[in-house]
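Asks: Here is the input, now give the coordinates:
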Amino acid sequence: MRLDSPLSGLNKIGPKIAKSLKTLGLQTVEDLLWHLPFRYDDFSKTVKIKDLVPGQKANIVGQLELINNRRAHRRRMYITEGLVRDDSEGIKVVWFNQPFIAKTLKPGDTVSLAGEARDDGGILTMVSPIYEKMSLSPTHTSGLVPIYHTTEGITQKQLRFFIKQSLAAAQELKDIVPKEVLDRLRMLSIKEAIEKVHFPKSYEESAESRRRLAFEEIFLAQIKSQTIKRQKAESKAEKVAFKEKETREFVAGLPFQLTDDQKKAAWRILQDMETGTPMSRLLNGDVGSGKTLVAVMALLNTVLNGFQGVMMAPTEILARQHFNSIRKLWKELPLKVAILTNSCRLIGENEKKISRAELLKAIKNGEIDVVIGTHALVQDDVKFKKLALAVIDEQHRFGVAQRSALLSKSGTKKAPHLLSMTATPIPRSLALILFGDLDVSLIKEMPKGRKVITTKVVPEEKRQAAYDFIRKEIQKGRQAFVVCPLIEESDFFGAKAVKSEFEKLDKQIFPEIATAMLHGKLKPAEKERIMADFLAGKTKILISTSVIEVGVDVPNATIMMIEGSERFGLSQLHQFRGRVGRGQEQSYCFLFTSDEDQNQSRRLSVMEKYADGFSLAEMDLKFRGSGEIYGTAQSGFPEFKIATLFDYELMRQAQEEAGALLDKDPNLEGYQPLRDKMEKLGQGAHLE
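Replies: Below you'll find the predicted structure:
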């Protein structure tokens, strides 16, 4: 077995399972090794049956005395019942709709079970426990049991079985981090870290492996980042002079005052652009803090100097919003603004529609001052005459290759200035370490007059009262967003879906109110029409998936209602909440949940207490707990699957070690595995 071996070669992986694994992004043995657990179930203590109490999760070992299936006709299911006894007592065991278990397990088998003991009419019962025949080293029911992200058709037991088979190939893994660095920081080899992350003997081993894997992620980011910073020092950019008179006139004409943080950020950006060195600045501000206006001021100065600017947004809805906002802000200025997405090609004045070829020709000839768009901007045929500033909004949503492609389109031998924007809350001290090649500006201050959004967790019994409140707000002339986790109902996920929720709200709850539905499967023109109607106030309630998470600005919307709120992270809930509270009226966010889990209730209640994103990000991490160590990519950091923005000490160590290594060997000639990895990642690409 080798790292590049296809998973179809593993024991018990046929075409159907291979297809399911592919949906998880798993096609080779190496993919499987890097599919890390996001938490562990702790079954490290085997409990005697007589010592079990209702509500306790535990591992028990005993002999199976009886097992049989029966059909529950009223509930239309099979029930498998068994009796397990150790040397202290016996316990009833029940499984639902798994009749095959009665063939897998036979009376007389010694079994290891892990699950929760319950009081079933006075009889202590273990319901739907994980089970396995007793062996020298149980994988699923004893010790710290890894829990993975999975998909339909793949069980946790299967994933553990496949990963355990694959561990033999871990011998092939090469340490990318130099041995002297690992020795100095007393870290595991990559082989040891991978083995212990999947099957740790203790939380200490789990933490040790996490530290090693997280360090590697940050170390690679630092090598890339510091290399770029050194290259940048040798690059040239256009000098964009500060047009003080025009800028002051523009600011004076705004219908609101800039905050002090906006003024400071704009001033630093304009100073950067006056130098002949390419600016690389990260503008970090919470939801609704006014980052876009700062970017507009930078774009204005770029155009007034005779250069072109570009703004790239992650969604067509957000690109269209930026297009409309900039046109409105610049309505008195003779500037040409265009929007370019896969379905939308418009010139600013009177939203003149033109062909893609016409627009590309106008951009290449320098006839368009500012182009706003989505990833369509990075296609090969998009070329500028004199691009001097690239603004990337919600930068974490674009891959490194996309950002690099945009920066290569200047039309001259000089590099454009780069302004990245993100609402992911990062403390300045960490940002300076994490983003070694970027200068950082923070906007913490919210616009004057912005009211704190009232947030309430709504359990099922208070649902009707919340509906009544929403109706009264809409009768006052306000509008509401409703966010659902899915587009269509799924028995597998059991989550609220946009289509069914739209039917319910439109036909049953608010039949007298104009309601619309928005999701990613709609055609672009349809999405645009739906958003236009909502912005114009024709539609009062918009039911949507997370497509409205970023940037959508509807000042008249004062209600954000989130169904299945327990399925979203706190930072994502905060993003949703930021879609309201943009006008002068008091706004409200209702977190609907049917989950009775106390941990979920405590987690969601944090949204009622905290209004700023950084506090919520910190609390989100705390709620993971010691067992919830690994996860999917962190919001804001697509390159990171393990490290978080709270790994301050690891970031400091990675920064120091990367700097020392590059000082000694700038081209990494003595560190071939690291050099190969950096070339694979594309070390010249920009890291935000």
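
Asks: Can you point out the buried residues in the helix or strand where A214 lies?
Replies: Taking DSSP states H and E as the definition, A214 sits inside helix 203-232. Buried positions in helix 203-232, judged by neighbour count with 16 or more other CB atoms under 10 Å: 205-206, 208-229, 232. All C-beta atoms are positioned from the backbone trio N, CA, C, and that covers glycine.

Asks: and whichever helix or strand comes after it, how far from the chain's centre?
Replies: Next in sequence after helix 203-232, counting helices and strands by DSSP H and E, comes helix 244-252. Chain-centre distance of helix 244-252: 38 Å, with CA atoms, centre = their mean, to the nearest Å.

Asks: I'd like to know which elements helix 244-252 is packed against.
Replies: Helices and strands touching helix 244-252, by 3 or more CB pairs under 8 Å, 6 or more residues apart in numbering; DSSP states H and E, are helix 291-304.

Asks: Against which helices or strands is the helix it packs on packed?
Replies: Checking 3+ CB pairs under 8 Å, 6+ apart, helix 291-304 ends up next to helix 244-252, helix 260-274, strand 280-285, strand 308-312, helix 316-329, strand 387-392, strand 417-422.

Asks: Next, count neighbours for the closest residue to S88 other than its chain neighbours.
Replies: Leaving aside its sequence neighbours, S88 sits nearest to K50 (CB to CB, 6 or more residues apart in numbering; 3.9 Å). K50: 12 surrounding residues under other CB atoms under 10 Å.

Asks: I'd like the distance from K50 to D87, if you could.
Replies: Distance, K50 to D87, using CB to CB, to the nearest Å: 9 Å.

Asks: likewise N350?
Replies: From N350 across to D87, the span is 86 Å (CB to CB).

Asks: cool, and N301?
Replies: Using CB to CB, N301 is found at 81 Å from D87.

Asks: Next: V452.
Replies: 61 Å.

Asks: sorry, back to before: check what pLDDT the residue nearest to S88 gets.
Replies: Here, the pLDDT recorded for K50 equals 94.

Asks: Make 29 the starting number, not 1.
Replies: Happy to do that; since the first residue is 29 now, the last one works out to K78.

Asks: one step back: who's more crowded, N329 and D115?
Replies: For the pair N329 and D115, the greater number of neighbours falls to N329 (25 against 9), based on other CB under 10 Å.

Asks: how much space between the more buried one and E266?
Replies: N329 sits 11 Å away from E266, going by CB to CB.

Asks: low pLDDT regions in this protein?
Replies: Across the chain, the ranges flagged by pLDDT under 70 are 164, 423-431, 452-465, 515-524, 575-580, 623-627, 645, 648-667, 673, 710-716.

Asks: Run the chain-centre distance for the longest strand along it.
Replies: Taking DSSP state E as the criterion, the chain has its longest strand at strand 85-100. Mean-position distance between strand 85-100 and its chain equals 40 Å (CA atoms, centre = their mean).

Asks: okay, now the domains of this protein?
Replies: The domain map for the chain lists 29-67+176-200, 73-169, 272-471, 482-638, with the assignment taken from automatic domain parsing.

Asks: Comparing those, which comes out most buried?
Replies: domain 272-471 (a mean of 19; mean count of other CB atoms under 10 Å).

Asks: Determine how far the last residue of that domain lies from the first.
Replies: One end of domain 272-471 sits 22 Å from the other (CA to CA, to the nearest Å).

Asks: How far off centre is it?
Replies: Distance, centroid of domain 272-471 to centroid of chain: 23 Å (CA atoms, centre = their mean).

Asks: ok, so what distance separates V510 from Q285?
Replies: In this structure, V510 and Q285 are 33 Å apart, going by CB to CB.

Asks: go on, E646?
Replies: Taken as CB to CB, the span from E646 to Q285 is 30 Å.

Asks: Show me what the helix holding A242 is packed against.
Replies: So helix 231-260, by 3+ CB pairs under 8 Å, 6+ apart, packs with helix 207-213, helix 218-226, helix 676-692, helix 700-709.

Asks: Out of the ones you listed, which gets nearest to G548?
Replies: Among the helices and strands packed on helix 231-260, the nearest to G548 by CB to CB is helix 700-709 (28.9 Å).

Asks: What are the buried residues along the closest one?
Replies: Result for helix 700-709 [16+ other CB under 10 Å]: buried residues 702-703, 705-706, 709.

Asks: can those residues go into a markdown table with extra columns for distance to K527?
Replies: Below are those laid out as a markdown table (distance: CB to CB, whole Å):
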| residue | distance to K527 |
| --- | --- |
| L702 | 49 |
| R703 | 51 |
| K705 | 44 |
| M706 | 46 |
| L709 | 40 |
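
Asks: for the residues you listed, which one is nearest K291?
Replies: When the buried residues of helix 700-709 are compared against K291 (criterion: CB to CB), the nearest one is L709, at 37.4 Å.

Asks: K252 is in contact with that closest one, correct?
Replies: Yes - with contact defined as CB atoms under 8 Å, L709 counts as touching K252 (6.5 Å).

Asks: So what's the gap between whatever helix or strand I502 lives in and the chain middle?
Replies: For I502, the host element (DSSP H and E) is helix 491-503. Centroid separation for helix 491-503 versus its chain: 31 Å, with CA atoms, centre = their mean.

Asks: now for it, which elements pack on it?
Replies: Short answer (3+ CB pairs under 8 Å, 6+ apart): helix 491-503 packs on strand 507-511, strand 585-590, strand 616-620.

Asks: repeat that for 10 Å
Replies: Taking 3 or more CB pairs under 10 Å, 6 or more residues apart in numbering; DSSP states H and E as contact, the helices and strands that helix 491-503 lies on are strand 482-486, strand 507-511, strand 585-590, strand 616-620.

Asks: Contacts for that helix, please.
Replies: Here helix 491-503 makes contact (CB atoms under 10 Å, 6 or more residues apart in numbering) with 484, 486-487, 490, 506-508, 510, 533, 537-538, 540-542, 568-569, 585-587, 589, 613-616, 618-620, 622.

Asks: ok so, going back, any idea of the angle the helix holding A242 forms with strand 445-450?
Replies: Going by axes from the mean of the first three to the mean of the last three CA atoms, to 10 degrees, helix 231-260 is angled at 160 degrees with respect to strand 445-450.

Asks: Helix 231-260 to helix 700-709, inter-axis angle?
Replies: Using the same axes, to 10 degrees: helix 231-260 against helix 700-709 is 70 degrees.

Asks: relative orientation of helix 231-260 and helix 676-692 in degrees?
Replies: Orientation of helix 231-260 against helix 676-692 (the same axes, to 10 degrees) gives an angle of 40 degrees.

Asks: can you give me the angle helix 231-260 makes with strand 308-313?
Replies: Interaxial angle of helix 231-260 relative to strand 308-313 (the same axes, to 10 degrees): 130 degrees.

Asks: so how far is helix 231-260 from its chain's centroid?
Replies: Distance of helix 231-260 from the chain centroid (CA atoms, centre = their mean) equals 19 Å.

Asks: how about the helices of the stretch 529-678 of the chain, start to end?
Replies: Taking DSSP state H, counting those that start in this stretch, the helices of the stretch 529-678 of the chain run over residues 552-563, 598-605, 626-637, 641-652, 676-692.

Asks: Let's have these in JSON lines, adding distance to L64.
Replies: As requested, those are arranged in JSON lines below (distance: least, CB to CB, whole Å):
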{"stretch": "helix 552-563", "distance to L64": "35"}
{"stretch": "helix 598-605", "distance to L64": "20"}
{"stretch": "helix 626-637", "distance to L64": "22"}
{"stretch": "helix 641-652", "distance to L64": "14"}
{"stretch": "helix 676-692", "distance to L64": "17"}
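
Asks: What distance do you get for P475 to A326?
Replies: In this view, P475 and A326 are 18 Å apart by CB to CB.

Asks: I meant S72, not that one.
Replies: Here the distance between S72 and A326 works out to 55 Å (CB to CB).
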